[in-house]
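Asks: everything below, folded, please.
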Amino acid sequence: MPKLKTRKSVAKRVKLTKSGKLTHRRQNARHLKMAKSKTQKRRGQRTSEIYKAFAAKFKKVI
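Replies: Residues are numbered from 1 along each chain as shown. Purely as a prediction, here's the structure:
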């Protein structure tokens with residue numbers, strides 16, 4: 001069976017940590033910030049972990 005090609009769209013959005021978890025940037029942090037509260041903007045700066053159900057699929061294509 002041949003190797004799977006890397007899905008570049010996923011590879012650009014997802015980062016693999018040392019412990020093997022997948023992280024990604026939060027949504028709603030790019031523009032239209034005047035309408036958002038400080039809490040929303042602050043949370044948008046953080047990265048979050050991808051759920052285990054999705055992580056298995058993403059690891060295959062990275």
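Asks: got the contact list for the spatially most central residue of the chain?
Replies: The centre of the chain sits closest to H24, judged by C-alpha atoms, centre = their mean, with a distance of 1.9 Å. Taking C-beta atoms under 8 Å, 6 or more residues apart in numbering as the criterion, H24 is in contact with R13, V14, K15, T47, S48, I50. (C-beta placed from N, C-alpha, C; glycine too.)
Asks: so which of those residues is the closest to L4?
Replies: L4 has its nearest neighbour among the contacts of H24 in V14, at 15.3 Å by C-beta to C-beta.
Asks: ok, that closest one to K3 distance?
Replies: With distances taken as C-beta to C-beta, to the nearest Å, V14 is found 19 Å from K3.
Asks: of those two, which one has the most company?
Replies: It is V14, of V14 and K3, that has more neighbours when counted by other C-beta atoms under 10 Å, with 19 against 5.
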